[in-house]
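Student: any chance you could fold what I've pasted below:
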Amino acid sequence: MKTVYVQSDYIGSNSTDTFINCTSLVGGAGTKYDPTFTDSTAARIDGGINSPGYFTSISDKPLETQQKNESDISETTGNELRSIETPVKEPDELESDSKQNESESQQ
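Tutor: This is a model prediction of the structure:
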């Protein structure tokens, strides 16, 4: 886990080892994991040197990304949006589809 997004009104619980071994954790202002700072006081939005924390404000979360091809899907986390392209039909195909629908509705 590297980034934890929370709302500004987040209230955590008291714990002595909340972040023990979370070595990849980085707060929104750049506060990096410190093995001596693992209790619940670190469970706040990172305010930098004066108010360090391991959380990032949800308002700082980047917009979801759109996937454009199948080769990118293996690298997603499941939260990304995927665009699905519908093939464009030629005018004669549309006319053919319309006639087929008419025929089916008359049956």
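Student: what stretches of this protein score poorly on pLDDT?
Tutor: Within the chain, the set of residues satisfying pLDDT under 70 comprises 65-107.
Student: which residues in it form helices?
Tutor: Taking DSSP state H as the criterion, the chain contains helices spanning 91-106.
Student: tell me how far the closest residue to residue 18 other than its chain neighbours lies from residue 30.
Tutor: Setting aside the residues directly before and after it, residue 18 is nearest to residue 40 in space (Cβ to Cβ, 6 or more residues apart in numbering), at 4.8 Å. Using the backbone N, CA and C atoms, a C-beta is placed for each residue, glycine as well. Between residue 40 and residue 30 the distance, using Cβ to Cβ, to the nearest Å, works out to 20 Å.
Student: more neighbours, the two?
Tutor: The residue with the greater number of neighbours, taking residue 40 and residue 30 and applying other Cβ atoms under 10 Å, is residue 40; the counts read 14 against 10.
Student: and the closest residue to residue 19 other than its chain neighbours, what is it in contact with?
Tutor: With Cβ to Cβ, 6+ apart as the criterion, residue 19 has its nearest non-adjacent residue at 4.4 Å, and that residue is residue 38. For residue 38, the contacting residues are 16-20, 22, by Cβ atoms under 8 Å, 6 or more residues apart in numbering.
Student: who wins for neighbours among these?
Tutor: Neighbour count (other Cβ under 10 Å) singles out residue 19 as the most crowded of the contacts of residue 38, with 20 neighbours.
Student: wait, that one touches residue 52, no?
Tutor: No - at 11.5 Å, residue 19 does not count as touching residue 52 under the criterion of Cβ atoms under 8 Å.
Student: where do the contact lists of the two overlap?
Tutor: Any residue near both residue 19 and residue 52 by Cβ under 8 Å, 6+ apart counts here, and that gives 37, 42.
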